[in-house]
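*Asks:* After the sequence you'll find the predicted model.
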Amino acid sequence: MATETSTQSYSEKWYWDERYTNESEPFDWYQKYSSLAPLINLYVPHRNQRALVIGCGNSAFSEGMVDDGYEDVVNIDISSVVIDTMIKKYSDRPQLKYLKMDVRDMKAFEDASFDAVIDKGTLDSILCGSNSRQYSTQMLEEVWRVLKDKGVYILITYGAPIYRLRLFKESCSWTTKLHVIDKSLTDQPLETPKWELTKPLPLDAEGSSVESAIGKSPDVHYIYVCIKDESLKMDADAA
């Protein structure tokens, strides 16, 4: 039986090593690939584009991407336990690569080496822990660095715009779009989802426009598509 754990442990390596030692079944945070595929296909349209899945855990998400034709999906996680397991599990899938790495320090990757970075719950985990502001900024700066110009950081999170937009603004130069998906899509797709996944919501600087579009406390996961824009950085540096 799982013991009660404070959410603060979600930012700690020991927690994940212990969890993955005891749990071998694949687990997908928030959403599975099948429900997010239309959005991934929209922002990562070419199957030869290189994707990085951060905090991959033992999720089957990346396997779903490869089944969908993506040819180069790199996965990182802070837990050596889960990385060793996944390397063995997918030894026959050369399109899937697994590396033990801390998302706050990805120096093993060169600048501008990925077309997309996908994050299901990793930023949320860091925000649960100590030094969350510092570590989340380090993480976002590293994500920005490893992305190509006009590359996309796709963040699936429970964090509403009022909490997340400020982080993006303080870290790097992003052009941000927001999509939402019903939480109930995690298992059984609804016949008629309330919101069209591939249609961005209107987004102002504070995120207050979102509430008027979908109401207060909607039962959704927020999906931020942050597009790296080096011209914004140059404009800021020149100012």
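*Replies:* Everything's here; your move.
*Asks:* Just give me the residue closest to the centre of the protein.
*Replies:* Centroid check for the chain by Cα atoms, centre = their mean gives residue 119 as the closest residue, at 1.0 Å.
*Asks:* That residue and residue 217: what is the separation?
*Replies:* 23 Å (Cβ to Cβ, to the nearest Å). For the C-beta atoms, the positions are set from N, CA and C on the backbone; glycine is no exception.
*Asks:* same thing with residue 180?
*Replies:* 13 Å.
*Asks:* Show me the helices in this structure, by range?
*Replies:* 13-22, 33-43, 61-67, 80-89, 122-128, 132-146, 161-171, 208-214, 230-238 (DSSP state H).
*Asks:* Flag every buried residue along the longest strand along the chain.
*Replies:* In the chain, taking DSSP state E as the definition, the longest strand is strand 147-157. For strand 147-157, the neighbour count (16 or more other Cβ atoms under 10 Å) marks 147, 148, 151, 152, 153, 154, 155, 156, 157 as buried.
*Asks:* The residue nearest to residue 34 when sequence neighbours are not counted - how many residues pack around it?
*Replies:* Closest residue in space to residue 34, ignoring its immediate chain neighbours: residue 64 at 6.5 Å, by Cβ to Cβ, 6 or more residues apart in numbering. Residues near residue 64, counting by other Cβ atoms under 10 Å, number 19.
*Asks:* my read: residue 68 touches residue 34, true?
*Replies:* No - counting by Cβ atoms under 8 Å, residue 68 sits too far from residue 34 to count as a contact (9.2 Å).
*Asks:* My understanding was that residue 78 contacts residue 102; is that so?
*Replies:* Yes - in this structure, residue 78 is within contact of residue 102 by Cβ under 8 Å, at 5.4 Å.
*Asks:* Compare neighbour counts for those two and give me the winner.
*Replies:* Using other Cβ under 10 Å, the more surrounded residue of residue 78 and residue 102 is residue 78, with 22 against 16.
*Asks:* What is the neighbour count of the nearest residue to the more buried one once chain neighbours are set aside?
*Replies:* Nearest non-adjacent residue to residue 78, counting by Cβ to Cβ, 6+ apart: residue 13, 4.9 Å away. Using other Cβ under 10 Å, residue 13 has 14 other residues around it.
*Asks:* thinking residue 13 is in contact with residue 77, fair?
*Replies:* No - counting by Cβ under 8 Å, residue 13 stays clear of residue 77, with 9.6 Å between them.
*Asks:* Report the contact partners of residue 101.
*Replies:* Shown in contact with residue 101 (Cβ atoms under 8 Å, 6 or more residues apart in numbering): 76, 77, 78, 108.
*Asks:* residues touching the first one, list them.
*Replies:* When contacts are counted by Cβ under 8 Å, 6+ apart, residue 76 is found next to 52, 53, 54, 55, 56, 83, 98, 99, 100, 101, 103, 106.
*Asks:* Tell me which of those fall in strands.
*Replies:* Using DSSP E, 52, 53, 54, 98, 99, 100 are the members of those that sit in strands.
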